[in-house]
Structure formats: structure tokens, C-alpha cells
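>>> Structure for this input, please:
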Amino acid sequence: MGERLELPQGTLDLLILKTLALEPLHGWAVSERLEQISRNAFQVGQGSLYPALHRLERRGWIAATWGVSENNRKARYYELTRAGRKQLGAEAAAWRKLSTAVGHVLDLA
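Okay, here's the model as predicted:
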């Protein structure tokens with residue numbers, strides 16, 4: 001997929017939560033993983049990624065600890081909290097419900 005997509009408002013939080021559900025990652029790795037999994041459709045810049053990570057941390061959905069990255073640099077690693085896993089479930093269900101409803105409308109038109 002060569003075309004980059006704009007994420008609808010609020011979608012980035014869901015995608016970050018899902019990405020961190022797989023394993024703890026540092027910020028840059030979250031961005032890289034999203035780009036990889038989306039087959040290059042999503043490119044999340046630092047100006048969007050880090051405010052989202054900090055927002056999720058303030059809400060208690062992720063926790064951060066300092067560690068050393070694969071290139072031997074100090075980095076903050078983020079992981080889902082129990083509340084984050086619950087929120088991920090709720091947001092994923094809401095997203096599926098919304099996308100199904102939009103699909104029904106588009107199929108009728």
C-alpha cells in the first residue's frame with residue numbers, strides 16, 4: 001500500500017494501546033511497528049506520537065520505565081497497565097461497532 005492515510009481523531013490512542021499489548025516498546029519502536037503493521041499506510045510523527053504516549057500515561061493506561069534500546073541508548077519503554085488492557089478492549093469494541101455501522105451506510109449508498 002503506497003498511499004499514506006490520515007488517522008481519524010482518537011484512533012492513534014487505540015493503535016498505540018494495541019501495539020503495546022504485544023510487548024513493551026520505546027516510543028520510536030511504537031512508531032516503527034505501526035508503520036510496519038499497517039504496511040506503510042500510517043506514519044506517526046514525533047509531534048503526534050509523544051503527546052499521545054504522555055496522554056495515555058497520564059490516564060493510567062500505560063506505564064513507562066527507563067531501559068536501554070537495541071542500539072545501546074537510554075530510552076523510555078512503555079507497556080500496558082491493567083486499566084490499559086481494559087480500555088483497549090472497550091475501544092476496540094467501539095471501533096468495530098462504528099466501522100460496521102459506517103460499512104452498512106456505505107453499502108446502501
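
>>> What is the one helix or strand K18 maps to packed up against?
For K18, the host element (DSSP states H and E) is helix 11-22. Contacts defined by 3 or more C-beta pairs under 8 Å, 6 or more residues apart in numbering; DSSP states H and E place helix 11-22 against helix 27-37, helix 46-58, strand 62-68, strand 74-80, helix 82-108. The way it works is simple: take the backbone N, C-alpha and C, and place the C-beta from them, glycine included.

>>> out of those, which comes closest to R4?
helix 27-37 (9.6 Å; C-beta to C-beta).

>>> ok, now which ones touch the most centrally placed residue in the chain?
Nearest residue to the geometric centre of the chain (C-alpha atoms, centre = their mean): I16, 1.5 Å. Counting by C-beta atoms under 8 Å, 6 or more residues apart in numbering, I16 touches 30, 34, 49, 52-53, 56, 62.

>>> about what we covered before: now distance to T11 and mean pLDDT too, for the helices and strands packed on helix 11-22, in CSV please.
Shown next, in CSV, are the helices and strands packed on helix 11-22 (distance: least, C-beta to C-beta, whole Å; pLDDT from 0 to 100):
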stretch, distance to T11, mean pLDDT
helix 27-37, 11, 94
helix 46-58, 10, 95
strand 62-68, 16, 96
strand 74-80, 17, 96
helix 82-108, 8, 95
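
>>> looking at these, which is closest to L7?
helix 46-58 (8.3 Å).

>>> ok, back up a step: in PyMOL, how would I select the buried members of the contacts of I16?
Restricted to buried positions by 16 or more other C-beta atoms under 10 Å, the PyMOL selection for these reads:
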select buried, resi 30+34+49+52+53+56+62
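
>>> Pick the one among the contacts of I16 closest to L12.
A52 (5.1 Å).

>>> was I right about the closest one contacting L12?
Yes. Assessed by C-beta atoms under 8 Å, A52 is found in contact with L12 at 5.1 Å.

>>> tell me the phi and psi of W61?
phi -90, psi -20 (degrees, to the nearest 10).

>>> From A101, how far off is the closest residue to it other than its chain neighbours?
Leaving aside its chain neighbours, W61 sits nearest to G84 (3.6 Å; criterion: C-beta to C-beta, 6 or more residues apart in numbering). For G84, the distance to A101 (C-beta to C-beta, to the nearest Å) stands at 26 Å.
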